[in-house]
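J.: give me the fold of what follows.
(4 chains, ligands or ions: 6)
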Amino acid sequence: MTLAVADIRKFVGEIRPDWCPGCGDFGVLNALQRALAELRLEPKDVLIVSGIGCSSNLPGFTTTYGFHGIHGRALPVATAAKLANHKLEVVVTVGDGDGYGIGMGHFIHVMRRNPDITMIVMDNQIYGLTTGQASPTSLQGHKTKSTPYGVIDEPINPIALAIAGGATYVARGFSGDPAHLAMLIKNGILHKGFALIDVFSPCVTFNKLNTYDWFRQRIYKLEETGHDPRDIDAAFKKAREFGPKIPIGLFYVTEKPTYTEYFEILKDKPLVEQPMPSLEEAKEILEEFL
Amino acid sequence: MTLAVADIRKFVGEIRPDWCPGCGDFGVLNALQRALAELRLEPKDVLIVSGIGCSSNLPGFTTTYGFHGIHGRALPVATAAKLANHKLEVVVTVGDGDGYGIGMGHFIHVMRRNPDITMIVMDNQIYGLTTGQASPTSLQGHKTKSTPYGVIDEPINPIALAIAGGATYVARGFSGDPAHLAMLIKNGILHKGFALIDVFSPCVTFNKLNTYDWFRQRIYKLEETGHDPRDIDAAFKKAREFGPKIPIGLFYVTEKPTYTEYFEILKDKPLVEQPMPSLEEAKEILEEFL
Amino acid sequence: MNNSLALRIAGAAGDGIESAGEMVIKLCSRNGLHVFAFRGYQSVIRGGHVWYQIRISNDKLFHFGDMFDVLITLNKDGITEDMPWLKEGGIVIYDPKKFEIRDNEKVKKFLEYKIPLQEIARRFSTLSVIQNVVAIGAFTYLIKLPIEALENQIRETFGDKSKEIIEMNLNAARAGYEYAKNNLAPLAINFDYSKKKRLTMAGNIALAFGAYRAGCKFYAAYPMTPASSILHWFAEHAPKGKMLVVQPEDEISVINMTIGAALAGVRAMCGTSGGGFALMTEAIGLAAMTETPIVVVESQRGGPSTGLPTKTEQADVFQVLGAGQGDFPKVIIAPTSVKDCYYTAIEAFNIAERYQLPVIILLDLYLSERIETLDPDEINLDVKIDRGWIVKEGEIKDYKRYMITENGVSPRALPGTAGYMHVAASDEHDEKGNLVSDVLAGLPSMLKIRKAMMEKRMRKLEYLIKELPAPRLQGPEDADLTIVSWGSTCFTVKEAIKMLEENGIVANSLELKYLYPMHAKEISEILSNAKRTMIVESNYTSQVGRLIRMFTGINIENKVLRYDGEPITPIDVYERAIEVVKK
Amino acid sequence: MNNSLALRIAGAAGDGIESAGEMVIKLCSRNGLHVFAFRGYQSVIRGGHVWYQIRISNDKLFHFGDMFDVLITLNKDGITEDMPWLKEGGIVIYDPKKFEIRDNEKVKKFLEYKIPLQEIARRFSTLSVIQNVVAIGAFTYLIKLPIEALENQIRETFGDKSKEIIEMNLNAARAGYEYAKNNLAPLAINFDYSKKKRLTMAGNIALAFGAYRAGCKFYAAYPMTPASSILHWFAEHAPKGKMLVVQPEDEISVINMTIGAALAGVRAMCGTSGGGFALMTEAIGLAAMTETPIVVVESQRGGPSTGLPTKTEQADVFQVLGAGQGDFPKVIIAPTSVKDCYYTAIEAFNIAERYQLPVIILLDLYLSERIETLDPDEINLDVKIDRGWIVKEGEIKDYKRYMITENGVSPRALPGTAGYMHVAASDEHDEKGNLVSDVLAGLPSMLKIRKAMMEKRMRKLEYLIKELPAPRLQGPEDADLTIVSWGSTCFTVKEAIKMLEENGIVANSLELKYLYPMHAKEISEILSNAKRTMIVESNYTSQVGRLIRMFTGINIENKVLRYDGEPITPIDVYERAIEVVKK
Ligand SMILES: Cc1ncc(C[n+]2csc(CCOP(=O)(O)OP(=O)(O)O)c2C)c(N)n1
Ligand SMILES: Cc1ncc(C[n+]2csc(CCOP(=O)(O)OP(=O)(O)O)c2C)c(N)n1
Ligand code: SF4
Ligand code: SF4
Ligand SMILES: [Mg+2]
Ligand SMILES: [Mg+2]
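T.: Ligands and ions are numbered 1, 2, ... in the order given. Model (predicted):
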């Protein structure tokens, strides 16, 4: 697709990102802006919902509508905003602590509902904004401010959990490869249903272990293997690969009705456009109390 | 194993369970009492931690130590109690709403830590105590008080999530088969690490869909097939079987260090038995501020 | 001849006491009587002892009755447990074949109306709940209603059931009626059945209906007694009312979903009880900071912690007042009656959207679940909807989401509207919504912005309080005693004041509905002028008493506090009032 | 000749301002001076403007200084942003090669001490942070310390680093020292370097150390500014201190884990800030209801919601007061100084275990992060540990976990103890711990039990308040003005009172530490006798002012409130006090 610089500019906000120079989140922001531009969306029709963390500052650096909520709660806000106005393109941008730590309950439960939203997790395996404590994806043994003798807990596996949780689009990107990432995001947005894109997005300040180089030495693209993203068992196998080789790309995709589609009254028009009840309708219900 | 009635009695409390006649939770209580008796445990050494729900009343009907906490929070309480005194045998007994709804975040995260506790979920696919709303495991289409036109959300799959989440012992029982269930619980307690036992425990009052009969028509035992519980891929396949045939038994088992084992200071003795710091030790640390 | 009567039906959980009660309520309300009803039950599904107390009258009622005149009991527990509240000389209806009342159990005088309920019921069905219908048949005779009235009621109630079921119930009812006619004397009452039908509503349902009427399009809740019936009502009425109802994984999700829906532009509400509300507190601050209008219902029950889940209490005032870190505007309203629940819901949405902040409606189990009758014209459907300042495309230049204004309210743009894109942020931000917490916090220019934004937000309450109707003293100004009450207890006080009056003591009443912001000046004036003051509330520490003192400095020294889980009764108030006045 | 001086070091986040500040602090404290230091930073990792202000004196200090005497700035922002607080005639140390100060920027008189920091630093390293060391070298000369003092300090600080690094720093320091010696005049100060070393501690760390000293064995936290440094301290010291430290998935897990650990018998604590505490409120009630002793630290920051994460505020009083539904006993203590943090931690554990309830320690960012010097003997390590009534095997017959006692405290049995098995339940229960919420709630006998249990629990506060030292007025009784302060602001008021005194105005001070339960009688007496009253707190609504009025009826009319995120300064208090006294 040819894309004029102006198209991307449309999504570049006035505020300069305040991330540390070299932070992985720059790549994610660029990839997202690019994906939105490629999809020819209008900023007014996009709502980006985030939580709290370095990564969650992202909405402030775009030109769309945004909601910068509280730590861990982006998914419920986004799910309901989508239900209330399904004409909006709703994107969630959060960190690994936000999405997989405090937000874990919502993460698992959102997948049951399959709302047509795209969740991008800037997974830097650390708590960035709080200056470097272990996160749910920190590797065992990693020495951080809160684990000076090394992390004990096994990291969670977001890809495996998403597959087990019923997500309909499960992918992983790398912010060091924004073109590939933009492709994953774009397809995630196009995907009808809940899309998870976990992104290796290095924290150059607090995570000295999982650096750009660390990833470059390990990652390979699923697209370049014979992986069939419709095969859930194959996807689950690939999801567990996290060692000398780490796959990125699309792990799993399937189709299911989206949350919006389940609600009869939304067939007609978005909830926000539905009229207030008329006097007659109200009277009819009031009769029930007689 | 021969077991005198007296052995089981040892775990039968003074308070008669207040469950509805026929409630599945009776079978779970019996199976648990039996398992504890078979393991020749002393009531004083057992701590049963629950949340809120019909099922969570269970600790009150035994003779052990118990903690009847708040809705959804049994796992953190149990994890820390075990850390503080790992001589205790810690069992968690909760409902599907408690364990997989509001408690989902803790459920996923406890598995990363692999504490040596046993979690029994009385899964009746309904909110019993609040008089019959849909639960996270209610089947799609199920008409309940909160879903008079049928459940929309896809049920969560606790077995698949536990496998993806890193649990080291993942089983499912049926309260209509207490002997089999007692065996699963006993092995779960014996298992070194976190054991999940999801139990089909019919709510005879509010769930008229998933009845004893419904289950009897569908369940079969994994032990009676060639299933290898050490094969994670096979386990994940079996976990997704939930239709005309539904497997019960041990899905998956593996070994990993338990949470307690990670802490050097617990090698010596339980935390609760460790002495207060001496004046000398405190002085040494105070020096750091000079 | 009385024109008022209190009936209690008692039995075991699972005996169908609730539906029996509902049938009596409808029978009376549809025949022009006033009803006030309340239920006692436990946090257990089967086996507890439950009761339904229904007071019936020609006149408006304010309480379900300190004591009852008639007891229908399906089991022996009704004798041992309910006897304390039977009036001296009252009537006990029971089945002598099921149990007998021993002499030592006759702790007071009462008449025994023996009916072989079981025997009669068995003629029509093996279902034990049919006994209730037999008893109601008898009761219909006793209150001098024609059997047709009950027949109609049964046809309505079982409208969607099979013909056989309807017939079975009709026959049981008729048999009960006949038995009473042949064996028992009708009650000494003088009910006027000529009035038109009245509405019956529980507080929760009136509130739900009010929210619907206000255009609420989104309701989210996680089940929790005593708020669950709001969820059930919404779930049931969602398709008809063009509303969405969701039951997410926990209360944190509930309130954040509510915020998400409101952000996108629909009127959105959620409901819970104290424990669930505790989980929502962080997001109350989020709504206030992002200036997203939401309505949150908290129906209080017996605490602390899980406490007494099926019992009433008014002890969450400080929880809702203190909900969320920091200083920010929120509104707390405690409706005072079932009717008021309806209007409060509408008002809450108007306030929430006009001032773009969270409004908390504080109920308790007693108000949520009690049933009152209303005249149909007491529920005005033609209400004012004020959605506040929502900007349309092109309406405004130089759009600033958090523009500083006189009353603190800024133009709200809904996502999807061209030209007004912005980020609604929980961090401190400038007028445009850009964060000042990040790069700028602490710099001299930003200290000013921070201050201005805090003041802008807090100004909302100053303007709002001026708009809210100030509380006024009810009753004679120079009364011997001024009784303060709030929320569910207001009606109880009304009844107590009547009792006092009948005994020559003049009391007036200050009913509080708006707890925060509070009408400090007006309340202060009223209380300063009172001869004696007394506050009535269902908690241990006199929470609203503390609140009043906090905002007025006035200590209401006399208190009627109850914290055993049962609603305060007019007698409780009456007796204490006498003491206070006489001392 | 002054014996006190305030220095501010300013620069961009990432410039190493924090470690530079720490080096100056240690340099002074280890040479016998008193230090009081505070840091300004933002919720961003790089790029914000940060500063460290360090006040140094021969005498005990109570504030980091309204204004500073010397500014070392590494970039131009230090001129534009920090100038307002430079004293008239102060000194600005900067590198003229990096930027110049234009005439129009000289908004007040000051001396320029130009040092080619960058040029000197480059002689030793390409790392820009070495400039700080050069500057500190110069500063060492300016305050008339021998270079050896700084050399020792550098060796300590970089003790675990390579020889080259140590040498590099030493050389940079010496070069800075030499440059100053050759080009600049030392400051007009008269520091006494003969005193012995002093301890330096931040409030959070003093508290953590106190908890350790009290035998805290379990600390749980989810990272949150400004509480995180407690977590870091515990994590670091866990093996040495034989403690377990966990960082679970969220604050709900944090507090429930704390309860679990306490249940099993260890002293357990958790910590967070306002947003995290909001998530803990439900479990505060759980701890109270199950009577499990826990200590919870809440360090307040700028709210509401995410607000100003790196700025200070004291606006969570009502959040902690209202935490959890229902009426139940909890304790809120706000330590008033760094030293007090140490003792408060110990006291909190003793109260928690003696009374078997949750104790909340309320800090704020200003107290959590500010650094004070203490004389080593101010930290008494030989403290009393009172674990309350924990029953040993065989000690008691007819064991009842929730036995009703005079002071409300019941015998606590730890799981694992033979003979005392029971269930600790969040539902209302009888003395044995059996639920009364289920089958029995509402029955006459159970109403009594419920009442007794409520009263038993609430009695704890009545007994506790009698044990807690009542607040006493500090200063002359007949002062013109009584200033009330609490927590972190107490020291600020001390300093303001000195300033007032110097200007002939006599003020005395009421410092509050125990917020709940409150010493209502004593406070009431003090305030009633005051000529004029004024309260000082960092929030919008005067939360503790409200609290005092709630419990005493007394309205403190004059207020110094600040809610822009910066700590209240002595000047703020002084100026308002003058107004109040003169009006
Ligand atoms: C309830 C609550 N707890 C804790 C915090 C403090 N906090 C802010 S950001 C953050 C974690 C950031 O980590 P992550 O989500 O991975 O984002 P990153 O900064 O790494 O992009 C935490 C714990 C908070 N804001 N709210
Ligand atoms: C925070 C909170 N929310 C809601 C409730 C109300 N509540 C009590 S039990 C329960 C669900 C019970 O369902 P489940 O966990 O499946 O247990 P069951 O009764 O079916 O055994 C709920 C929602 C509560 N006690 N606390
Ligand atoms: S701290 Fe880490 S995550 Fe945060 S902005 Fe800097 S590099 Fe990015
Ligand atoms: S309601 Fe259901 S789950 Fe609860 S006790 Fe009865 S049968 Fe069991
Ligand atoms: Mg992160
Ligand atoms: Mg259930």
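J.: now whatever residue of the stretch 51-200 of chain C ends up closest to ligand 6: how far from ligand 2?
T.: Per C-beta to the ion, C:V129 is where the stretch 51-200 of chain C lies closest to ligand 6, at 25.3 Å. Any C-beta I mention is one placed from the backbone N, CA and C, and that applies to glycine too. Separation of C:V129 from ligand 2 (C-beta to the nearest ligand atom, to the nearest Å): 23 Å.
J.: next: C:R562.
T.: For C:R562 relative to ligand 2 (C-beta to the nearest ligand atom), the value is 23 Å.
J.: residues near the closest residue to that residue other than its chain neighbours, how many?
T.: Closest residue in space to C:R562, ignoring its immediate chain neighbours: C:I568 at 4.8 Å, by C-beta to C-beta, 6 or more residues apart in numbering or on different chains. Neighbourhood size, C:I568 [other C-beta atoms under 10 Å in any protein chain shown]: 25.
J.: for the one 3 residues further on, same thing?
T.: Counted with other C-beta under 10 Å, the neighbours of C:I571 add up to 16.
J.: give me the below-cutoff pLDDT ranges for the chain.
T.: Picked chain A for this. The model of chain A has pLDDT under 70 over residues A:1-2.
J.: my question was about chain C, not that one.
T.: Residues of chain C meeting the criterion pLDDT under 70: C:1.
J.: tell me if the helix ranked longest in chain C is near chain D.
T.: When chain C is parsed with DSSP state H, its longest helix is helix C:444-467. Yes: counting by C-beta under 8 Å from any C-beta of the partner chain, contacts between helix C:444-467 and chain D involve C:P444, C:L447, C:K448, C:R450, C:K451, C:M454, C:M458.
J.: please tell me how far the first one sits from D:F124.
T.: The spacing between C:P444 and D:F124, counted by C-beta to C-beta, to the nearest Å, is 35 Å.
J.: and for C:G285?
T.: On the measure of C-beta to C-beta, C:G285 and D:F124 end up 50 Å apart.
J.: who has more neighbours out of those two?
T.: C:G285 (28 against 19).
J.: could you count how many residues lie near residue 281?
T.: All of this is about chain A. A:E281, neighbours per other C-beta under 10 Å, totals 17.
J.: look at chain C instead
T.: Neighbours of C:T281 under the rule other C-beta under 10 Å: 29.
J.: so who does it touch?
T.: C:Q319, C:G322, C:A323, C:G324, D:A278, D:T281, D:Q319 (C-beta atoms under 8 Å, 6 or more residues apart in numbering or on different chains).
J.: now it: closest residue in space that isn't a chain neighbour?
T.: Leaving out its chain neighbours, the residue that sits closest to C:T281 by C-beta to C-beta, 6+ apart is C:A323, at 3.9 Å.
J.: secondary structure element holding whatever residue of chain A ends up closest to ligand 6?
T.: In chain A, the residue that lies nearest ligand 6 is A:H109 (15.9 Å; C-beta to the ion). Assigned by DSSP states H and E, A:H109 falls within helix A:104-113.
J.: that helix: what's the following helix or strand?
T.: Where DSSP H and E defines the elements, the next helix or strand beyond helix A:104-113 is strand A:117-123.
J.: tell me what that next one is packed against?
T.: Here strand A:117-123 touches helix A:25-38, helix A:74-84, strand A:89-95, helix A:96, helix A:178-190, strand A:195-200, going by 3 or more C-beta pairs under 8 Å, 6 or more residues apart in numbering or on different chains; DSSP states H and E.
J.: closest to ligand 4 out of these?
T.: Of all the helices and strands packed on strand A:117-123, it is helix A:74-84 that lies closest to ligand 4, at 27.7 Å by C-beta to the nearest ligand atom.
J.: just give me the closest of the residues of helix C:444-467 next to chain D to B:T144.
T.: Taking C-beta to C-beta as the measure, B:T144 lies nearest C:M458 of the residues of helix C:444-467 next to chain D, at 43.4 Å.
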